[in-house]
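Chemist: Sequence and predicted model, in that order:
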Amino acid sequence: MLESGCKAVKEGVLEKRSDGLLQLWKKKRCILTEEGLLLAPPKQPPPQPPPPSAEPSAKMKELHFSNMKTVDCVERKGKYVYFTVVMAEGKEIDFRCAQEQGWNAAITLQMVQYKNRQAILAVRSTRQKQQHLAQPHGPRLRAASHPA
């Protein structure tokens, strides 16, 4: 779930290919944040990142970068650029937008930055654990020798 404190990096309309038999292109209102991509039907007001405890609305879809594997640019054809978001579980979601909108590049950039932040946090966490294990457990007191 996207954190409520995430600011919108990019907002606008993307077209998503439906999963149905006809695979029609449907417009979606989108917000790209540092955590992922929110999609909503075009007639709704722009999606807002939900508070941490809220359940996502049934009409709103969230693609979080932690579940995203890659963004593949499939082709540039006419006025559109077609690209696919590949999720970690292997699901592929096809999108298209006008070439000058640059959604595929913006999503890719934010995903890479997110993954880099996660990698840095993982390294820091590992180092802290190693430092904690390397430290002696509490001060050890030597028995004082008393001259007789």
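Modeler: Cool, got the structure.

Chemist: Name the nearest residue to residue 85, ignoring sequence neighbours.
Modeler: Leaving aside its sequence neighbours, residue 85 sits nearest to residue 93 (Cβ to Cβ, 6 or more residues apart in numbering; 4.7 Å). C-betas here are computed from N, CA, C, even on glycine.

Chemist: Would you confirm that that neighbour contacts residue 83?
Modeler: No. Using Cβ atoms under 8 Å, residue 93 is not in contact with residue 83, being 9.5 Å away.

Chemist: Buried residues, the helix or strand hosting residue 119. List them.
Modeler: Using DSSP states H and E, residue 119 maps to helix 103-134. For helix 103-134, the neighbour count (16 or more other Cβ atoms under 10 Å) marks 103-104, 106-108, 110-111, 114 as buried.

Chemist: Nearest residue to the most centrally placed residue in the chain in space, please, no chain neighbours.
Modeler: The chain has residue 65 as the residue nearest its centroid, 2.1 Å off, counting by Cα atoms, centre = their mean. Spatially, and ignoring its direct neighbours in sequence, residue 65 is nearest to residue 114 (4.0 Å; Cβ to Cβ, 6+ apart).

Chemist: residue contacts, that neighbour?
Modeler: Counting by Cβ atoms under 8 Å, 6 or more residues apart in numbering, residue 114 touches 34-36, 65-66.
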